[in-house]
Each structure stands twice: as structure tokens, then as C-alpha cells.
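Q: Below is the structure, and that's it, no one-letter string:
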């Protein structure tokens with residue numbers, strides 16, 4: 001690859017982080033026969049967030065669901081353009097429909113709140129649309145906790161968090177910002193946390209680009225104002241205060257297992273678990289794992305959210 005090509009790819013990555021491209025809401029809970037309420041609530045800094053609340057009458061347990069970057073509460077149509085061309089080179093050109101996850105959680109007896117993080121889906125644009133590697137998005141996690149604490153029908157519920165990728169890292173950082181907000185949170189399930197520097201390097205490698213990491217960081221910082229050192233979830237993991245279940249595609253082409261292992265090891269709670277998904281290199285398989293084999297996550301929630 002030429003230097004010009006490498007520079008073009010790095011500029012495209014930096015531009016996407018500087019102004020997140022949105023994907024659409026493609027599916028709704030009603031497609032799974034679920035009753036739901038359209039809700040809106042403010043992030044901790046006032047950005048309006050759009051979501052769904054699925055009531056489970058008679059249940060005192062609630063799961064708040066957070067999505068990965070570039071996704072929405074409904075998933076990602078990566079089988080369609082332009083997402084197919086973006087993610088296809090890494091093998092991730094398959095659709096992810098998260099409404100199946102909502103149905104599984106609801107059938108298991110949980111109230112569910114899911115929403116679009118800032119600058120995703122139908123939620124408001126925050127911080128100029130910058131992807132902050134979970135720093136600003138942590139305010140959305142705090143907003144969701146404040147919302148359920150204020151609703152008369154959810155304020156006394158036992159809360160579990162199901163936070164994927166961006167949502168997981170944002171949850172960790174939210175714990176550093178306001179640990180008291182997690183007083184009623186009993187547990188966390190966190191599929192596929194990742195360090196931004198590593199996943200961006202792997203995206204370049206998949207594209208056949210051999211780029212200087214310092215040059216990539218320079219361009220990302222010019223686009224976002226945030227360097228790689230400030231985007232490291234290993235540090236935030238040390239502030240985790242709740243039982244945590246992490247799972248990850250071991251041979252995920254967009255990361256390395258050592259990154260996830262380090263994040264997990266830095267979580268200081270005794271009640272934690274790490275599981276590996278084998279025989280795949282496709283990151284999206286980690287997001288589809290719950291639909292295919294829901295028992296480990298359901299068992300985790302049942303053990304920590306039962307009366």
C-alpha cells in the first residue's frame with residue numbers, strides 16, 4: 001500500500017471518530033410480540049436520549065441494555081450498504097438484531113430499558129458528534145440510572161447492566177465519575193470490551209495498511225481532541241464495584257485476547273467471570289452470542305438479581 005493510501009485510510013478513521021456516522025433503527029420490539037413504551041430522558045449533561053422501556057408486570061428486576069459503537073439499540077444492518085463495505089473486510093457483514101435479546105430478557109422475567117447512546121440512532125448529538133471512546137458516553141449511562149431511579153415503577157427495582165463494547169467501557173468510566181449512582185446496581189454483563197488504540201490498529205491491518213501508531217494517534221487527536229492515553233479502559237476497570245461477567249470472541253480479528261484479559265484482570269471485585277467464544281474470528285459473533293446461547297448471561301442475572 002502507498003503512503004497516500006495509508007494516509008487516506010487513517011483520515012477516514014479519524015473523520016468517523018470526529019463525527020460519528022449514524023446507523024438507523026431497523027427493528028422494533030413489536031416484531032417480537034413485545035409491548036413497549038417509547039421513552040426519552042436526559043443524559044447526565046442534558047443530551048436527550050431516546051429509548052424503549054419494556055415492562056414485565058409483577059417483576060422487581062430490571063436490566064439496562066447498552067449497545068456497541070456505530071450500533072443502535074436495535075442493532076446494526078451490516079448486511080446492507082454502506083455498512084457491508086465498511087465491515088465486510090473483517091468478516092462482519094452480517095446483520096445484528098438486538099430485539100431478539102430484548103425478547104429473551106423479557107421472557108426471563110425482566111423489565112428492560114434500552115436506549116441509543118449520544119450521537120447514535122435517534123438520540124441527540126453530544127459534544128459535536130465526537131466518539132470519545134466512552135468518556136462522554138459515560139454520562140449517558142449515568143442518565144439511564146437516574147431515569148430508572150426517578151420512575152415510580154422502577155425506582156425500587158434490582159438493576160443489572162447488559163453493556164456491550166462501547167456500552168461496557170462507558171459503564172466503567174461512569175463508575176469513576178459517580179460511583180454512588182451504582183448503589184442499586186447488582187451486576188454487570190459486559191460483552192467485548194476493547195481498547196480504542198488496539199481496535200483501530202486492527203482495522204488498519206485488515207485493510208492492509210501498515211501505519212505508524214503515533215501518526216494514527218495524531219490524526220485521531222486532531223479530529224477529536226482525545227489521544228489514546230485517555231481512551232484506555234484498563235484504567236477505568238479498576239473502579240468497577242459490581243460483580244462482572246465478561247465474554248469475548250477469542251480470535252476476534254478486530255482485537256487481541258490480551259487486551260480483554262487485561263481489562264478483566266484489572267476489575268478489582270472477587271465475583272467476576274471471563275468466558276471465551278471459540279471457533280470464530282467474527283466480532284459480531286460476540287454480539288450474537290446471547291441470542292444463540294443465552295444461558296450463561298441469564299444465569300448471571302438470576303444469581304445476582306433474584307430476591
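A: Perfect, thanks for sending it. All values reported here derive from a predicted model rather than from experimental measurement.

Q: What's the local residue count around the nearest residue to residue 240 once chain neighbours are set aside?
A: With C-beta to C-beta, 6 or more residues apart in numbering as the criterion, residue 240 has its nearest non-adjacent residue at 4.5 Å, and that residue is residue 267. For the C-beta atoms, the positions are set from N, CA and C on the backbone; glycine is no exception. Look at residue 267: counted by other C-beta atoms under 10 Å, it has 25 neighbours.

Q: got a pLDDT number for residue 267?
A: At residue 267, the model reports a pLDDT of 98.

Q: correct me, but it touches residue 244?
A: Yes - contact criterion C-beta atoms under 8 Å: residue 267 and residue 244 qualify, at 5.4 Å.

Q: for the residue nearest to residue 240, what are its contacts?
A: For residue 267, the contact set (C-beta atoms under 8 Å, 6 or more residues apart in numbering) comprises 237, 238, 240, 244, 246.

Q: mind running it again at 10 Å?
A: 172, 188, 190, 193, 234, 236-244, 246, 274 (C-beta atoms under 10 Å, 6 or more residues apart in numbering).

Q: Residue 16 too?
A: Counted by C-beta under 10 Å, 6+ apart, residue 16 has contacts 69, 70, 86, 131, 223.

Q: quick one on the thing from earlier: who touches both of residue 267 and residue 244?
A: By C-beta under 10 Å, 6+ apart, the residues touching both residue 267 and residue 244 are 172, 188, 190, 193, 237, 274.

Q: Any chance of the residues you listed in CSV with pLDDT and secondary structure as columns?
A: What follows is the shared contacts of residue 267 and residue 244, written out as CSV (pLDDT from 0 to 100; DSSP: H, G, I helix; E, B strand; the rest coil):
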residue, pLDDT, secondary structure
172, 96, helix
188, 98, strand
190, 95, strand
193, 95, coil
237, 95, helix
274, 98, strand
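
Q: For burial, what's the neighbour tally of the closest residue to residue 130 other than its chain neighbours?
A: The shortest distance from residue 130 to any non-neighbouring residue, by C-beta to C-beta, 6+ apart, is to residue 224 (4.9 Å). Residues within reach of residue 224, counting by other C-beta under 10 Å, total 23.

Q: just the one 3 residues further on next, same as before
A: Applying other C-beta under 10 Å, we find 14 other residues in the vicinity of residue 227.

Q: any idea how far residue 138 is from the residue nearest to it when sequence neighbours are not counted?
A: In this structure, residue 227 finds its nearest non-sequential neighbour in residue 221, 4.8 Å apart by C-beta to C-beta, 6+ apart. Distance, residue 221 to residue 138, using C-beta to C-beta, to the nearest Å: 20 Å.

Q: go on, residue 266?
A: Counting by C-beta to C-beta, the gap from residue 266 to residue 138 is 17 Å.

Q: These two - which one has more neighbours?
A: The residue with more neighbours, out of residue 266 and residue 138, is residue 138; 24 against 16, by other C-beta under 10 Å.

Q: ok, the more buried one - contacts?
A: By C-beta under 10 Å, 6+ apart, the contact list for residue 138 reads 43-44, 117, 132, 169-178, 236.

Q: Which secondary structure element is home to residue 142?
A: For residue 142, the element it lies in under DSSP states H and E is helix 138-150.

Q: Report all helices and strands that the helix or strand following that helix contacts.
A: Next along the chain after helix 138-150, taking DSSP H and E as the criterion, comes strand 158-163. Under the contact definition 3 or more C-beta pairs under 10 Å, 6 or more residues apart in numbering; DSSP states H and E, strand 158-163 sits against strand 61-66, helix 99-107, strand 111-115, helix 138-150, helix 166-177, strand 185-191, strand 244-249, helix 295-305.

Q: tell me the angle of strand 158-163 relative to helix 99-107?
A: Counting by axes from the mean of the first three to the mean of the last three C-alpha atoms, to 10 degrees, strand 158-163 lies at 160 degrees to helix 99-107.

Q: quick one: residue 198 and residue 98, what's the gap?
A: Relative to residue 98, and taking C-beta to C-beta, residue 198 is found at 24 Å.

Q: between those two, who's got more neighbours?
A: Taking other C-beta under 10 Å, residue 198 and residue 98 do not tie; residue 98 has more neighbours (25 against 17).

Q: Would you mind measuring from the more buried one to residue 47?
A: Counting by C-beta to C-beta, the gap from residue 98 to residue 47 is 21 Å.

Q: Also residue 4?
A: The gap separating residue 4 from residue 47 is 38 Å, by C-beta to C-beta.

Q: Ok, residue 124 next?
A: Separation of residue 124 from residue 47 (C-beta to C-beta): 5 Å.

Q: again, but for residue 103
A: 28 Å.

Q: can you check residue 233 too?
A: The span separating residue 233 from residue 47 equals 21 Å under the rule C-beta to C-beta.

Q: quick one: buried residues of the biggest helix by length in the chain?
A: With secondary structure taken from DSSP state H, the chain has its longest helix at helix 3-18. Within helix 3-18, the residues that qualify as buried are 6, 9, 10, 13, 14, 17, 18, counting by 16 or more other C-beta atoms under 10 Å.
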